[in-house]
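*Asks:* generate coordinates for the sequence data below:
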Amino acid sequence: MMPQNHEIGLDFNNTEIAFRNKSDKALDKAYWLFKMVASNSLIKIGTPLTNFALNIGLPIQGIIRNTIYKQFCGGESIEGCAHAIAELGSGNVTTILDYSVEGEESEESFDQTCAEILRTVEYAQKNPLISFCVFKPTGLGRFDLFAKIDAKQPLTDEEKQEFDRVYKRADSICKACHDAQIKVLIDAEHSWIQDTIDDLARDMMEKYNKERVIVYNTYQLYRHDKLASLKADFAYAQTQNFYLGAKIVRGAYMEIERERANEKNYPSPIQPNKAASDEDYNQGILFCLEHINRIGLMAGTHNEESCRLLAEEIIKRGISPKNDHVFFAQLLGMSDNLSFNLGAAGFNVAKYMPYGPVKAVMPYLFRRAQENTSVGGQTGRELALIIKEKKRRRENKAG
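*Replies:* All right, here's what the predicted structure looks like:
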């Protein structure tokens, strides 16, 4: 029989715990921000306008820094994230430092990104509140190069050398994490470059996950083939005697994936509906828990039912909530009701903390805002919780 909610001390509607770190002023800011994000038309108009203003040098960085940036990012540098890291830590939530500069395509920028991620590893060694480092493969190499390899097209000698440099950058990060005993997540990307990323991740896991879980690949379970990939990778890990690191998410590129499949006339890799995606996600959780001695699971989700299922199953199976092989994860600035209530109940929880210069992080922020408007009910849920907490505080003051 499943444990009841009170048995694991979980109440995702407890806004006092969820917003304990937010002042009344910060709560008001979050309220107006999510009201703005809820307006789909505002996001569609605001994105190109903001880009234009930034590109011609209009002084809007201060406005961005104090609104959307402050809600979803930790700071402009690693050191600038210190306050946000400590604030999460006070609520029993650890940090995933995520250098979120996107869209750069030069060898120089790839080397700079690699060097910056290596700095996050050094910083994580000194700060126990950082539980994971992370990198996006296209931060280390050209998207089109990944696509060419995925499409099984022959590479020129120059391209082979170029991919060798990409591989070495990824390897240097994973080796540094292995030597420092810091876990590292390899982000998933679009389906037409994902096979190459999966091959790279498998190589890194085989190399660095012999003694424990260090490297995690990401499985996007809004794809109908990814539960099978997870199981196949575990079978391979068993034969090669290494631990599997599995970060499981629903996914981030649904609309782009469907559009491209339609344009190029191939079957969409995306699940037929949300129910199928939810089913595979929850099956992925259960599969990892069945093999928890050999799989490191990070459940990246803003879905309350999936969080509850995982929490209940951990208790039901007699797994310690502090078992280093099981983590919940959410994005900074979102779903604080999940993160902080899970942390308060004693589970391992981490928040993705994007950081980087305001202008360079804007593509990431726009993507998040657009995802928020397309994820059914997410923004409404955030607003309802903020309104509930504002009301609770008013009543407390009046009482």
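*Asks:* for residue 11, phi and psi?
*Replies:* phi -140, psi 100 (degrees, to the nearest 10).
*Asks:* tell me which element the closest residue to residue 182 other than its chain neighbours falls in.
*Replies:* In space, and not counting its chain neighbours, residue 182 is closest to residue 124: 4.8 Å by CB to CB, 6 or more residues apart in numbering. Heads up, the C-betas are built off the backbone N, CA and C, glycines and all. Using DSSP states H and E, residue 124 maps to helix 107-126.
*Asks:* remind me which helix or strand residue 141 belongs to.
*Replies:* Using DSSP H and E, no helix or strand contains residue 141.
*Asks:* can you start the count at 4 instead of 1 from here on
*Replies:* All right, first residue 4 from here; so that's residue 144.
*Asks:* roughly how far apart are it and residue 232?
*Replies:* The gap separating residue 144 from residue 232 is 22 Å, by CB to CB, to the nearest Å.
*Asks:* in the helix holding residue 127, what's buried?
*Replies:* 113, 116-117, 119-124, 126-127 (16 or more other CB atoms under 10 Å).
*Asks:* which of those sits closest to residue 336?
*Replies:* residue 123 (19.2 Å; CB to CB).
*Asks:* nearest residue to the closest one in space, please, no chain neighbours.
*Replies:* residue 100 (4.4 Å).
*Asks:* run through the strands of the stretch 254-402 of the chain in chain order.
*Replies:* For the stretch 254-402 of the chain, strands defined by DSSP state E, counting those that start in this stretch occupy the ranges 298-303, 329-334, 352-358.
*Asks:* okay, the ones you listed in CSV with mean neighbour count and distance to residue 402 next?
*Replies:* Converted to CSV, those look like this (neighbours: other CB atoms under 10 Å; distance: least, CB to CB, whole Å):
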stretch, mean neighbour count, distance to residue 402
strand 298-303, 24, 38
strand 329-334, 23, 32
strand 352-358, 24, 31
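*Asks:* reformat these as TSV; add mean pLDDT.
*Replies:* Formatted as TSV, the strands of the stretch 254-402 of the chain follow (pLDDT from 0 to 100):
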stretch	mean pLDDT
strand 298-303	98
strand 329-334	97
strand 352-358	96
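*Asks:* run through who's touching the helix or strand hosting residue 74.
*Replies:* Here residue 74 sits within helix 71-75, counting by DSSP H and E. Contact with helix 71-75 is made by 32-33, 36, 334-337, 357, 361, 364, 368, 371-372, as judged by CB atoms under 8 Å, 6 or more residues apart in numbering.
*Asks:* for residue 31, give me the pLDDT.
*Replies:* On the pLDDT scale, residue 31 is placed at 92.
*Asks:* can you check residue 309 too?
*Replies:* Taking residue 309 on its own, its pLDDT is 96.
*Asks:* then residue 43?
*Replies:* 59.
*Asks:* cool, residue 382 as well?
*Replies:* 79.
*Asks:* measure it to residue 280 for me?
*Replies:* 19 Å.
*Asks:* residue 263 now?
*Replies:* Counting by CB to CB, the gap from residue 263 to residue 280 is 18 Å.
*Asks:* more neighbours, these two?
*Replies:* residue 280 (22 against 16; other CB atoms under 10 Å).
*Asks:* does that one touch residue 229 like I think?
*Replies:* No. Using CB atoms under 8 Å, residue 280 makes no contact with residue 229, being 9.9 Å away.
*Asks:* re the thing from before, mind putting the strands of the stretch 254-402 of the chain into TSV with distance to residue 217?
*Replies:* Shown next, in TSV, are those (distance: least, CB to CB, whole Å):
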stretch	distance to residue 217
strand 298-303	9
strand 329-334	14
strand 352-358	15
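*Asks:* need the pLDDT of the nearest residue to residue 299 once chain neighbours are set aside.
*Replies:* Using CB to CB, 6+ apart and skipping residues adjacent in sequence, the residue nearest residue 299 is residue 216, 3.2 Å away. In this model, residue 216 is scored at 98, pLDDT.
*Asks:* next one: the one 5 residues further on
*Replies:* In the prediction, the pLDDT value recorded for residue 221 is 98.
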